[in-house]
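Please find the sequence and the predicted model below.
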Amino acid sequence: MDVIKVGIVGMGKIARDQHLPAIHGNPDFTFAATVSPNDPGVAGIAHYKTLDALLADGPVVDAVALCTPPQVRYDLAVAALARGLHVFLEKPPGATLAEVAALEEAAAKTGATLFAGWHSRFAAGVAPAKAWLADKRIVRVSIVWREDVRVWHPGQAWIWEPGGLGVFDPGINALSIATEILPNAFFLSSATLSTPANRAAPIAADLAFRDTTGAPISMDLDWRQTGPQSWDVVVETDAGTLSLAKGGAVLTLPDGVQHADDDEYPGLYARFATLIHERRSEVDTRPLQLVADAYLRARRETVEAFDD
């Protein structure tokens, strides 16, 4: 197959920091266009204010990476799939589960690839953690995902709006790791969401799950962390304790610590290319389903108004 010509829709921080370097570093892709109503784009690359304008007047593209807020992603994906373009969905893949299901159906009809990109699953420690846990009995799991929203999401008002997920926007990364590495399915037992008085989405969450064997899984999410940030998953098993730190980059097993270079977005684009070449889609909605369950079952607390 020829080199895949890809356009990026939504030129925010994640597109510039992660998608652009990954595309440039992968010989299966060439960077063809950008779409953003406000951002000026990249020097030397065709730029359009809307996806419709790119599709009508722009250079030919084979695929698009949708890096917009999830609330507007469905219509963009439908338009791209209708033209037979392959679609990379940034996480979360949509604002609702039903939207994503509809996109899967649309992709199947056109034969295009639809890829829900859970970048944290490509962190260095995740695959070896999954392999180590495969034959272990899980005793308990603790997930602590605490960061400073002002540092990681400055000025992103959409993230506080309905469909923006609030603290679950980073928290869903932890759920993408847990659903990947744990050998048994798990489901929600209880949830408490703390939402600022002037926001529509939570700033913190305290969740309890259990897996199909009864093992408890606790999850502590908070956007008010200052100082060192915490992105940790600890799994106690019958063979000792496994821990993933720094968002999955550092794996500690009973016999030692493993470090490796970051390969999240390069890994995502390598996977996207493979799926396109094999004419397959890959859309795992389990992390988003668990977030939806949290909203469904949550006890809600109102906390002090947040000023970002």
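Structure received.

only C-alpha atoms for contact and neighbour calcs from this point on.
Noted.

Output the below-cut-off pLDDT ranges for the stretch 1-150 of the chain.
Within the stretch 1-150 of the chain, the ranges that satisfy pLDDT under 70 run 1.

Going along the chain, name the helices of it.
13-14, 20-24, 51-57, 73-82, 97-110, 126-133, 149-152 (DSSP state H, counting those that start in this stretch).

Pull the residues that contact the longest one.
Okay, so that is helix 97-110. 74, 77-78, 81-82, 84, 93-94, 113-114, 281, 283, 285, 288-289 (C-alpha atoms under 8 Å, 6 or more residues apart in numbering).

run the last query once more with 6 Å
Outside of helix 97-110, the residues within contact range by C-alpha atoms under 6 Å, 6 or more residues apart in numbering are 84, 94.

in that helix, what's buried?
100, 103-104, 106-108 (16 or more other C-alpha atoms under 10 Å).

Next, format the helices of the stretch 1-150 of the chain as JSON lines and append distance to residue 299.
Conversion of those to JSON lines gives the following (distance: least, C-alpha to C-alpha, whole Å):
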{"stretch": "helix 13-14", "distance to residue 299": "32"}
{"stretch": "helix 20-24", "distance to residue 299": "40"}
{"stretch": "helix 51-57", "distance to residue 299": "40"}
{"stretch": "helix 73-82", "distance to residue 299": "29"}
{"stretch": "helix 97-110", "distance to residue 299": "21"}
{"stretch": "helix 126-133", "distance to residue 299": "31"}
{"stretch": "helix 149-152", "distance to residue 299": "22"}
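
Go through the buried residues of helix 97-110 and name the one nearest residue 205.
Nearest to residue 205 among those: residue 100, at 24.1 Å, using C-alpha to C-alpha.

So, low pLDDT: which residues of the stretch 151-300 of the chain?
In the stretch 151-300 of the chain (pLDDT under 70), the answer is 259-261.

Could you pull out the strands in it for me?
186-196, 204-211, 216-222, 230-237, 240-245, 250-253, 256-259, 299-303 (DSSP state E, counting those that start in this stretch).

Would you mind giving those as CSV with mean neighbour count added?
Converted to CSV, the strands of the stretch 151-300 of the chain look like this (neighbours: other C-alpha atoms under 10 Å):
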stretch, mean neighbour count
strand 186-196, 19
strand 204-211, 20
strand 216-222, 20
strand 230-237, 20
strand 240-245, 19
strand 250-253, 20
strand 256-259, 12
strand 299-303, 14
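
Export these as TSV, with columns for distance to residue 151.
Output for the strands of the stretch 151-300 of the chain, formatted as TSV (distance: least, C-alpha to C-alpha, whole Å):
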stretch	distance to residue 151
strand 186-196	18
strand 204-211	16
strand 216-222	13
strand 230-237	13
strand 240-245	19
strand 250-253	22
strand 256-259	25
strand 299-303	20
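
and residue 139, which of those is closest to it?
Using C-alpha to C-alpha, the strands of the stretch 151-300 of the chain put strand 230-237 closest to residue 139, at 5.0 Å.

what's that closest one packed up against?
Applying 3 or more C-alpha pairs under 6 Å, 6 or more residues apart in numbering; DSSP states H and E, one finds that strand 230-237 makes contact with strand 138-146, strand 240-245.

Let me see the contact set for the most centrally placed residue in the chain.
For the chain, residue 91 is the residue whose C-alpha lies nearest the centre (C-alpha atoms, centre = their mean; 3.0 Å). Going by C-alpha under 6 Å, 6+ apart, residue 91 touches 117-118.

Now it: phi and psi?
Main-chain torsions, residue 91, degrees, to the nearest 10: phi -80, psi 150.

Of the buried residues of helix 97-110, just say which sits nearest to residue 125.
residue 100 (27.9 Å).
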